[in-house]
Structure formats: structure tokens, C-alpha cells
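>>> could you look at this predicted model? Sequence included:
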Amino acid sequence: MDPNLPPVGLGTMGIEEPEPIATALEVGYRHLDTARIYGNEAVVGEGLAASDVERADVTVATKLWIDALAGDDVGPTARESAELLGVDRIDLLYVHRPRGAYDPEATLPALDRLVDAGVVGAVGVSNFEVDDLDRAREVLDAPIAAHQTELHPLYHRPELLEHAREHGYPVVAYSPLAGGKAGEVDAVVEVAENHGTTPEAVAIAWATAKEPVVTIPKASTERHLRANLAAAEIELDPEEIAAIDAVDREEELYPE
């Protein structure tokens, strides 16, 4: 199963009430991203249940934290996540980081078994290096459905995008607004002024212009939810993209 990942989905880290989830679905979001470590899978599930949007139209994604990646822990933890989310199947289940109990030869076959059992629709990975990606491709029966990684104007990894292009899976960019610092980047501000929009919108447009990138910015208010969704419609020209690419600053928000 290939998950349906639109250009802009909803990152839910820090969302503690179901209302923003339901509102996001109402205004057009069809990709919800959470994780065990966020502690809000039940909240996301409540928002999903409160919505009139057809369940089949929404990609629900979560991630297994590093303490639940041992082969014997993967299945029970995933099933618990599905119960908390209130879904029969997790559309996209990620290895959150290749750390802790992660062992490709034990963790990944356990994920394959969940796909075979119908508990999980597709397997993703998150915060992997190229070597980790190559090893996962060797071990998994199911193809890598997505790689989630930090990507924004202050930090991006071209080699990860190249790997995704070569092997045909999307990159899911988290923290595309640079942790609220998009407005501090001169190149982003200048492009925003050219388009009569916000630096935050430009940061999303810049990310989604990079094949094969989709984004999952967090937002809680209807105004911000709508603005982030609309940002993917902004068309930047190659010179504007290159100007942001050339920002000489690396600021990783979530290092190991």
C-alpha cells in the first residue's frame, strides 16, 4: 500500500486537544502525523472520530519510539497505538529513530509481519542516514513508504532527497517552519515580500517545491491551518529557490 501523502499534512506534536485535529480535517487536511513519544495518539484519534471526513480519505501516521523497537515489542506497541488512535489499521508506521532497541534484522521483519496482518498499511522510517536507508531497503519486504526528516531553510540534507528520488519514496519534512525562525532568514523574508505573503508560507512553498518532499507543519488555529495548506500553492521561481538553498547557516532543531 502506498500512503496518499498530500503536499501539506498536519504535524501534531504538542497538540493536546482534539479540536485542532477535527478542524484540520474540516478545512482540507488528509494526512495526520503523530508518534508514541508525543503522548497524544488518543487525542488525534478523538479528532479523527469527531470529523465527518471519510476514514478512508485520511492517512494516519504514527511512529514507534526507540524503546519499542525490539522485535517482540513492535507488534504489541503498534496494536496499542492503533487502539489509541481508534483505527483498525495504521496507514503509515515509522521507526522514529534508528537508535535504542533498533535492530534492522529484528525490528524490520516485525514491521513486515504487521503489514501482512493488516495492522499496518505501509512502513516508513524517520531520521535515518543514507546507510540506514540502504540497510532498511535490503531487509524490508515492504518498500520504504516514506522517510521523515527535518527540513527547513536553515537545515536540509540534499543527499537524503537524492536517495528518495533514486528509490521512489517521498520525504516527509518535519519542522518546515524552522521552529518559528523562518522570519529571521533574510532570503526567505525577501522572497515573501516579492510574493506578498509570509516567510512561513514561503518556507513551506520552498520545501514542497523540492521533489519528492511533502511537509507536516504543526498548527492549532484555523487561520494557521488554512495558511499552511494554501502555502503549497505558491510557485517560487528557480532563482528564489536557489537563494534560499544558498543560505549559509545550519541549525538542526532536533539533533541526536
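Alright, I've got the coordinates.
>>> what about the strands in the stretch 1-150 of the chain?
10-11, 31-33, 59-64, 90-95, 120-126, 144-150 (DSSP state E, counting those that start in this stretch).
>>> what helices and strands are in contact with the second one?
So that's strand 31-33. strand 10-11, helix 19-27, helix 41-50, strand 59-64 (3 or more CB pairs under 8 Å, 6 or more residues apart in numbering; DSSP states H and E). In short, each C-beta sits where N, CA and C put it, glycine included.
>>> same question, the last one
Applying 3+ CB pairs under 8 Å, 6+ apart, we find strand 144-150 packed against strand 90-95, strand 120-126, helix 130-139, helix 158-167, strand 171-174.
>>> same question, the fifth one
When contacts are defined as 3+ CB pairs under 8 Å, 6+ apart, strand 120-126 packs onto strand 90-95, helix 104-117, helix 130-139, strand 144-150.
>>> mind putting these in TSV, mean neighbour count and mean pLDDT included?
Formatted as TSV, those follow (neighbours: other CB atoms under 10 Å; pLDDT from 0 to 100):
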stretch	mean neighbour count	mean pLDDT
strand 90-95	25	98
helix 104-117	18	98
helix 130-139	15	98
strand 144-150	24	98
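>>> a markdown table for these, including distance to residue 213?
What follows is these, written out as a markdown table (distance: least, CB to CB, whole Å):
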| stretch | distance to residue 213 |
| --- | --- |
| strand 90-95 | 16 |
| helix 104-117 | 23 |
| helix 130-139 | 16 |
| strand 144-150 | 10 |
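>>> of the ones you listed, which is nearest residue 29?
Closest of the helices and strands packed on strand 120-126 to residue 29 is strand 90-95, at 13.8 Å (criterion: CB to CB).
>>> give me the most central residue, this protein.
residue 172 (4.2 Å; CA atoms, centre = their mean).
>>> circling back: quick one, which of the helices and strands packed on strand 31-33 is nearest to residue 244?
The nearest among the helices and strands packed on strand 31-33, by CB to CB, is strand 10-11 at 20.5 Å.
>>> what helices or strands is the closest one leaning on?
Looks like strand 10-11 contacts strand 31-33 (3+ CB pairs under 8 Å, 6+ apart).
>>> give the partner strands of the strand it packs on in its sheet and their orientations.
As defined by DSSP bridges, the strand partners of strand 31-33 come to strand 10-11 (parallel), strand 59-64 (parallel).
>>> rewinding a little: redo the helices and strands packed on strand 31-33 as CSV? Include mean pLDDT.
Output for these, formatted as CSV (pLDDT from 0 to 100):
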stretch, mean pLDDT
strand 10-11, 98
helix 19-27, 98
helix 41-50, 98
strand 59-64, 98
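>>> got the ones you listed as CSV, with distance to residue 122 columns?
Shown next, in CSV, are these (distance: least, CB to CB, whole Å):
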stretch, distance to residue 122
strand 10-11, 18
helix 19-27, 20
helix 41-50, 18
strand 59-64, 9
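>>> output these as TSV; include the columns mean neighbour count and distance to residue 71.
Formatted as TSV, these follow (neighbours: other CB atoms under 10 Å; distance: least, CB to CB, whole Å):
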stretch	mean neighbour count	distance to residue 71
strand 10-11	26	29
helix 19-27	19	32
helix 41-50	20	22
strand 59-64	26	12
